[in-house]
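S.K.: Predicted model and sequence follow; I will ask about them next.
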Amino acid sequence: MYRQLSGSTFKTVRAKLSLASIVCILVPALLTMLIYNGLTRDAVEQQARSNSTDAMQLVRGSVNNLLQGMLNLANYIQVNTDINGTLKRIADGSESTADPYNRFTATSRIMQQLEGLTYIGEKSYITIILTNGTTFTNYSKDEFDPLRFKQEPWFQQLEGLAGLRSYWVGATPTIFPYDRFDNPYQISVARTLRLESSKIYGYVIVTMMESKISKIFQGLTSGQDVMLVDGQGTIISSSDGERINTLYQYRDLLSQDSLTPASQIVRDGKRKLLVTTSKLTFNDWHLVAVQPYQNAILNISSIFSRVFTFQIVSFFIFLILLLVLMRAFTKPLIRLGRVASSVQRGNLEVRSGVRGQDEIGRLGFLFDQMLDRIKDMITEVSVTQARKRKAELAMLQAQINPHFLFNVLNSIRMKVMRGGDSDSAKMIASLSKLLRMTISRDEDAITLHEEIELLTHYVDLMNLRQKEEVRLQLEVDASAFHIEVPRFILQPLVENALIHGLNRSAGTIVVRTVMKERFLELSVEDNGIGMEPDVLAKLSSQLAAASIVMETKGERPKGGMSGIGVVNVAERMRIMFGDAFDMTAASSLNEGTRIIMHIPLREESRHHV
């Protein structure tokens, strides 16, 4: 049977190896054919032009957005009826603006709107000049006198503008002192403000720093020089500031009609250049990108030199891949043999982990399944024996009947009462109730009402032991009594308050509940000596780190009425309520300590609230 299985497996593995060999031989050949058929010299040039025009489209979009922002500011001032109406009344000196107060109000309203436009888009300088000499700006006139614009040589050409036509001013030296150092040049767009009779009553000038455009050019691929050129071939903006206001060398290539980017290859001495131009939408300005042709096709032409290398390397890679596949196909058989030898030596924890749809995979799965079944059977026998020993131990422990202990304590209490010692009788009664709650009850959870009743007996016992009596103050909402909590969660907190907070002296301990929408806030507060900051920090970190380690290790809090600890309470509460439970501590020296628990409410608890 072993020989038959081995022969069958050998045939299946051989089929896989044959298929892998065919794939490893055919794939490199097919890839080589596809690469050679897909790459030609014409494709290299076409791809270079396409890449350049695509980059130009992105640059033109960014530049258009900047210039469009300037136009939008001019449009807003020219078509805004409120601003226009006010400007017209100020320009012709109408009665509504003759009064100083009215004129001040109108001027302030315009200035506020101009200031608001300053925060829209890129920073621009807005200047409004009326024919009567009145000016409005969004910048300080102490920095620059706006009337100086009228001395510029291009200002006289504004008279010929009509409607919404604009006059674009190329790169001129920056006139604003604070920007002059970092931005040597500025670009402006100007429009006229006209009455219904077409008479000019004012001018709008929007100015932006040239560096806003040159920064776009600087983000492009190295070796590509991009410029903004006006209709006469003068460079308006460039990443090289020294070329601004010089003539562009190939200005005869600029097309005045087409808005679509176009690429051309020109020869500059011994080298070829790839020149891409694109006309802007708003005026006769052009974007020009110049790049050495060799740099443009560097990545594309390198493909040809890499093809041959790729062929050689690919064959070696696929050969190595073939060897790896052969090793991978035979590796499960070797692993199964090693696992079988380990099981023979008595190690039942080892597993092959072999899976798959073929015969080896099914064999590995069945082998691991058989080991799991053997382990489960051994574990079942071990658990049965452990339970048997535990039952025997429980029978020995149960030989002392708890009811006998309660009856004896009750008899002692009655005898003490008949002797007239009521305090001792009360102490025995409280002790009996505490023991009954600790020993007799099997359930882990009790209601908050039972927990508080248990706490009162504990405090009564402690008051009988101490010289000074501690007052237990309960501020518990009646709707919280039915909520179930683990046993003995309040006693450790009160015990800490008695011993450490009040130092076994007189004082007050307050147990308070506050019902929230999704949780119950349960707190224990004393008016004792409080805690040092470092002690409080250590306790807070312990409460934050409290987890369900006890539950994962199978441990349970030990019985009894002391020694459980605050952190133990936090761990048991988190075991019952999960991560939604939270416990914190707050304390101040000579003012007391407060332990707060946020207990999440379950659905049935919310219905009772």
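M.R.: The structure has been received and is ready for your questions. Note that the structure is a prediction, hence the values are computed from the model and not measured.

S.K.: Show me where the stretch 251-400 of the chain has its strands.
M.R.: In the stretch 251-400 of the chain, the strands defined using DSSP state E, counting those that start in this stretch lie at 262-268, 271-279, 286-292.

S.K.: Show residues contacting the first one.
M.R.: Contact with strand 262-268 is made by 45, 48-49, 52-53, 250, 253, 255, 272-278, 293, as judged by Cβ atoms under 8 Å, 6 or more residues apart in numbering. Bear in mind the C-beta positions are built from the backbone N, C-alpha and C, glycine included.

S.K.: follow-up on the earlier one: tabulate the strands of the stretch 251-400 of the chain (a markdown table), appending mean pLDDT and distance to L161.
M.R.: A markdown table is the format used below for these (pLDDT from 0 to 100; distance: least, Cβ to Cβ, whole Å):
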| stretch | mean pLDDT | distance to L161 |
| --- | --- | --- |
| strand 262-268 | 80 | 30 |
| strand 271-279 | 83 | 21 |
| strand 286-292 | 83 | 22 |
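
S.K.: Including mean neighbour count, could those go into JSON lines?
M.R.: Formatted as JSON lines, the strands of the stretch 251-400 of the chain follow (neighbours: other Cβ atoms under 10 Å):
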{"stretch": "strand 262-268", "mean neighbour count": "14"}
{"stretch": "strand 271-279", "mean neighbour count": "20"}
{"stretch": "strand 286-292", "mean neighbour count": "22"}
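
S.K.: who wins for proximity to S541 among the ones you listed?
M.R.: strand 286-292 (62.0 Å; Cβ to Cβ).

S.K.: Give me the distance between the closest one and the centre of its chain.
M.R.: Taking Cα atoms, centre = their mean, to the nearest Å, the mean C-alpha location of strand 286-292 is offset from the chain mean by 41 Å.

S.K.: of the contacts of strand 262-268, closest to L287?
M.R.: Taking these together and measuring to L287 by Cβ to Cβ, the closest member is S278, at 4.8 Å.

S.K.: Enumerate every residue touching the closest one.
M.R.: Counted by Cβ under 8 Å, 6+ apart, S278 has contacts 56-57, 60, 259-262, 286-287.

S.K.: Against V226, how distant is it?
M.R.: 10 Å (Cβ to Cβ, to the nearest Å).

S.K.: any common contacting residues for the two?
M.R.: L287.

S.K.: on that earlier part again, got CSV for the strands of the stretch 251-400 of the chain, with distance to T32 too?
M.R.: Listed next are the strands of the stretch 251-400 of the chain as CSV, based on distance: least, Cβ to Cβ, whole Å:
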stretch, distance to T32
strand 262-268, 30
strand 271-279, 30
strand 286-292, 31
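
S.K.: right, and V567 touches S541 too?
M.R.: No - between V567 and S541 there is no contact, the gap being 10.3 Å when judged by Cβ atoms under 8 Å.

S.K.: For those two, indicate the residue with more neighbours.
M.R.: V567 (15 against 10; other Cβ atoms under 10 Å).

S.K.: For that one, which non-adjacent residue is closest in space?
M.R.: Leaving out its chain neighbours, the residue that sits closest to V567 by Cβ to Cβ, 6 or more residues apart in numbering is Q542, at 5.0 Å.

S.K.: can I assume that neighbour sits in a helix?
M.R.: Yes - assessed by DSSP: H, G, I helix; E, B strand; the rest coil, Q542 belongs to a helix.

S.K.: neighbours around it, how many?
M.R.: Q542, neighbours per other Cβ under 10 Å, totals 14.

S.K.: repeat for R471
M.R.: 12.

S.K.: swap in G93?
M.R.: Other residues close to G93 by other Cβ under 10 Å number 12.

S.K.: so what's it up against?
M.R.: N132.

S.K.: Quick check: the gap between it and G202.
M.R.: Applying Cβ to Cβ to G93 and G202 gives a distance of 13 Å.

S.K.: got it, and I128?
M.R.: 6 Å.

S.K.: Same question for S382.
M.R.: Computed with Cβ to Cβ, the distance linking S382 and G202 is 100 Å.

S.K.: Of those two, give the one with the bigger neighbour count.
M.R.: Shown here are S382 and G202; by other Cβ under 10 Å, G202 has more neighbours (24 against 10).

S.K.: wait, is the more buried one part of a strand?
M.R.: Yes - assessed with three-state DSSP, G202 lies in a strand.

S.K.: buried stuff in stretch 590-603?
M.R.: 592-599, 601 (16 or more other Cβ atoms under 10 Å).

S.K.: can you check stretch 46-57 too?
M.R.: 48-49, 51-53, 55-56.

S.K.: what's the answer for stretch 577-594, then?
M.R.: In stretch 577-594, counting by 16+ other Cβ under 10 Å, buried: 577, 581-583, 585-587, 592-594.

S.K.: Closest to S505 out of the residues you listed?
M.R.: Closest to S505, out of all of those and judged by Cβ to Cβ, is G592, at 12.9 Å.

S.K.: What segments of the stretch 1-150 of the chain are helices?
M.R.: Secondary structure of the stretch 1-150 of the chain (DSSP state H, counting those that start in this stretch): helices at 2-38, 41-79, 81-92, 95-98, 100-118.

S.K.: Show me what the last one is packed up against.
M.R.: Helices and strands in packing contact with helix 100-118 are listed as helix 81-92, helix 95-98, strand 125-130, strand 135-137; criterion 3 or more Cβ pairs under 8 Å, 6 or more residues apart in numbering; DSSP states H and E.

S.K.: If we use 10 Å, what do you get?
M.R.: helix 41-79, helix 81-92, helix 95-98, strand 125-130, strand 135-137 (3 or more Cβ pairs under 10 Å, 6 or more residues apart in numbering; DSSP states H and E).
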